[in-house]
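1. I'll drop the sequence and a predicted model, then ask my questions.
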Amino acid sequence: AMLAQVSYLNDDFVAAAEGYARLVSMAPRNAGLHARYATVQMKLKDEAGARASLTKALALDPDLADAQVNLLNVYIGQKKFADALTLARSVQNRRPESARGHKLEGDVLSAQNKQPEALKAYARAFDLQQNGALLIQLHSALIKNGKGAEAQSRMMEWFRQRPDDIPTRLYYASSMVVAKDYEAAAGHLHAVLKSDPDNVIALNDLAWTYQRMNRKDALPYAERAHKLAPNSPAIMDTLGWIYLETGNIGRAIPKLKKASA
């Protein structure tokens, strides 16, 4: 088991698959091992093998959450939407008080571009279990259905109640950047940095946002992010472009080359 895990962490998925194949033959009734084997098979693009392993895992433990999600994704990847929907609804039937089955149903419907139906599923999931991850999916579904005002209203209410929810605020700031509402994005990124001054994602995104706004104070945020995460390609890219657009080509090119490499 240790060797299989080390192989996986070293991206040697062939060796990892051999290890997990031996493990499941030694412990065929261990649902977790079948699920982990499937993860490796998915890395090797062996969808048929992954589907078989995940089916075995769920036969042994029908409530294994990771196996449910991964099997659903295999079905979606193969465009077996009927099978995916059957799986989602079986999760709902087994755990009617849980949001998971409705969230999975929303994923299936969204993959089919059935956005109104997906929105209803995500709304049911959020009603059952209010957390940031489900709010993010609900917000995205509302945007896809042209309900931007409701999406914004839900987010603002959430932040009033939970001002320190950093992952959700980072997502929302990113959505504001996509909408080119840079002032709003910057405000939310500053709120993240108030709670977590060394959050490299917020520092990098704020630098990028200020760059779009042609603000001269973009550079200090990019340099601070780079100091905290010197080997991040995304941060090197942001810093390199800021150098380039401020005329510092000598410092820009090495950063952009390294980021690209």
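-> That came through fine.

2. how about residue 158, what does it touch?
-> Residues near residue 158 by CB atoms under 8 Å, 6 or more residues apart in numbering: 132, 135, 165, 168. The way it works is simple: take the backbone N, C-alpha and C, and place the C-beta from them, glycine included.

3. now with 6 Å, please.
-> If you count contacts by CB atoms under 6 Å, 6 or more residues apart in numbering, residue 158 has them with residue 135.

4. state the helix or strand in which it lies.
-> Assigned by DSSP states H and E, residue 158 belongs to helix 148-161.

5. from the chain's centre, how far out does that helix sit?
-> Remark: helix 148-161 is offset 20 Å from the chain centroid, using CA atoms, centre = their mean, to the nearest Å.

6. please report how far the spatially most central residue of the chain lies from residue 61.
-> In the chain, the residue lying closest to the centroid (CA atoms, centre = their mean) is residue 133, at 9.2 Å. According to CB to CB, to the nearest Å, residue 133 and residue 61 sit 23 Å apart.

7. cool, residue 11 as well?
-> In this view, residue 11 and residue 61 are 28 Å apart by CB to CB.

8. of these two, who's got more company?
-> residue 61 (17 against 9; other CB atoms under 10 Å).

9. ok, now which ones touch the more buried one?
-> Applying CB under 6 Å, 6+ apart to residue 61 gives the contacts residue 31.

10. helices of the stretch 101-250 of the chain, start to end?
-> 115-128, 132-144, 148-161, 166-178, 182-195, 200-212, 218-228, 233-245, 249-260 (DSSP state H, counting those that start in this stretch).

11. and the second one, what does it pack against?
-> Read that as helix 132-144. Using 3 or more CB pairs under 6 Å, 6 or more residues apart in numbering; DSSP states H and E as the contact test, the elements touching helix 132-144 are helix 115-128, helix 148-161, helix 166-178.

12. in the stretch 101-250 of the chain, where is pLDDT below threshold?
-> Under the criterion pLDDT under 70, no range of the stretch 101-250 of the chain is flagged.

13. residue 151 is in contact with residue 139, correct?
-> Yes: assessed by CB atoms under 6 Å, residue 139 is found in contact with residue 151 at 4.8 Å.

14. quick one: which of those two has more around it?
-> Taking neighbours as other CB under 10 Å, residue 139 and residue 151 compare with residue 139 leading, 24 against 21.

15. which residues does the more buried one contact?
-> If you count contacts by CB under 6 Å, 6+ apart, then residue 139 has residue 151 around it.

16. over to residue 115?
-> Here residue 115 is in contact with 144-145 (CB under 6 Å, 6+ apart).
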